[in-house]
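Student: Next one to model:
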Amino acid sequence: MDFDIATFKTRTGPVDVSDIDLTAFERQPLDADTVRCLRYMHDVEFHTICYLRDLLLTPAHRDPDVTAFLTFWCFEEYWHGEAIGAVLARHREAAWQERVGAMRRALPTADRLRPFAHLLGSLLVGDDYTAVHMVWGAVNEWCTQAAYARLGERAGHPELSRVLSRVMRQEGRHIDFYASQAESRLGASARARRLARFALRRFWRPVGAGVMPEEETQFVVRHLFGDEDGVAAAQRIDRRVDRFPGLAALHLCERAAAA
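Tutor: Prediction:
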């Protein structure tokens with residue numbers, strides 16, 4: 001499938017919450033488990049700029065389509081955090097810079113070393129490293145979109161569903177780019193297929209793992225994907241991954257939900 005980067009650029013923008021009735025969250029507050037998930041999602045969305053930091057140290061920075069996409073991807077992800085922060089603020093929860101600053105100060109030492117690991121890995125692997133990143137991005141965006149859908153279903157709050165559906169619509173465009181890139185790059189290189197399969201099997205974990213506290217990652221995965229509907233959502237993602245060249249039968253998301 002082809003992705004039109006020019007069209008994507010014209011459609012990029014902040015998530016519009018100007019017509020969302022945020023006071024509804026004061027009249028009908030979200031339950032504690034939903035707020036806990038939103039805190040996690042808020043922090044991960046704002047961490048996107050740090051993922052970009054790692055990507056730009058790899059051969060991905062030489063591809064103008066990739067860098068154009070990443071520019072607007074990071075912009076939109078920032079606004080996803082802003083939109084979720086608006087919901088948190090109505091629950092008298094810390095949000096935006098106050099919350100992000102505390103989260104970044106608490107990051108483990110491994111986060112500071114991650115750019116060097118990506119730089120070294122890309123020096124050893126070369127251009128096929130970009131294929132691994134594109135596959136990784138596709139899997140993570142599928143998981144993120146599914147998590148928002150599951151949270152909206154479980155919370156049952158009309159205004160939250162409106163916010164999350166708009167975020168999901170933008171995540172869908174991000175999926176289109178990553179999946180398009182992954183499919184073409186994997187199809188062109190047997191080495192990329194082997195590397196991507198090894199990397200996903202050995203290192204992939206749910207979105208936010210390694211950045212957020214382990215107990216928070218476990219809670220979010222259990223809350224959103226631990227029941228029958230959640231497992232079915234995880235299996236749907238795995239079937240999409242199966243369709244990538246060389247990546248059949250990894251069962252990444254189903255295993256994560258089961259664990």
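Student: what stretches of the chain score poorly on pLDDT?
Tutor: Within the chain, the stretches with pLDDT under 70 are 1.
Student: make it 90
Tutor: Scanning the chain for pLDDT under 90 picks out 1-2, 106-112, 210, 258-259.
Student: Centroid-wise, who is the farthest residue in it?
Tutor: Distance from the C-alpha centroid of the chain, by Cα atoms, centre = their mean, peaks at R27 (30.4 Å).
Student: and that residue, how far is that from V35?
Tutor: 16 Å (Cβ to Cβ, to the nearest Å). C-betas here are computed from N, CA, C, even on glycine.
Student: Okay, buried residues for the helix or strand hosting F116 please.
Tutor: For F116, the host element (DSSP states H and E) is helix 109-125. Across helix 109-125, burial judged by 16 or more other Cβ atoms under 10 Å covers 114-115, 118, 122, 125.
Student: Which neighbouring elements make contact with the one helix or strand S161 maps to?
Tutor: Assessed by DSSP H and E, S161 sits inside helix 158-188. Where contact means 3 or more Cβ pairs under 8 Å, 6 or more residues apart in numbering; DSSP states H and E, helix 158-188 is packed against helix 5-11, helix 24-27, helix 64-89, helix 128-155, helix 190-203.
Student: Go again with 6 Å.
Tutor: helix 64-89, helix 128-155, helix 190-203 (3 or more Cβ pairs under 6 Å, 6 or more residues apart in numbering; DSSP states H and E).
Student: Mind listing what's buried along it?
Tutor: Buried-residue list, helix 158-188, by 16+ other Cβ under 10 Å: 159-161, 163-164, 166-168, 170-171, 173-186.
Student: now it against helix 190-203, angle please.
Tutor: 140 degrees (axes from the mean of the first three to the mean of the last three Cα atoms, to 10 degrees).
Student: quick one: helix 158-188 to helix 64-89, angle?
Tutor: Orientation check (the same axes, to 10 degrees): helix 158-188 against helix 64-89 gives 160 degrees.
Student: roughly how far out does helix 158-188 sit from the chain middle?
Tutor: 9 Å (Cα atoms, centre = their mean, to the nearest Å).
Student: Now do R240 against E183, distance only.
Tutor: 11 Å.
Student: same question but for A110, I mixed them up
Tutor: On the measure of Cβ to Cβ, A110 and E183 end up 31 Å apart.
Student: what's the answer for W204, then?
Tutor: Look at W204 and E183: by Cβ to Cβ, they are 18 Å apart.
Student: ok, now N140?
Tutor: Distance of N140 to E183, computed by Cβ to Cβ: 16 Å.
Student: again with R105
Tutor: Here the distance between R105 and E183 works out to 39 Å (Cβ to Cβ).
Student: First-to-last residue distance for stretch 239-257?
Tutor: Start and end residues of stretch 239-257 are separated by 15 Å (Cα to Cα, to the nearest Å).
Student: Stretch 88-105 now?
Tutor: For stretch 88-105, the first-to-last residue distance is 20 Å (Cα to Cα).
Student: And for stretch 12-22?
Tutor: End-to-end for stretch 12-22, by Cα to Cα: 23 Å.
Student: Contacts made by it with the rest, please.
Tutor: Contact with stretch 12-22 is made by 72, 79, 83, 86, 90, 159, 162-163, 166-167, as judged by Cβ atoms under 6 Å, 6 or more residues apart in numbering.
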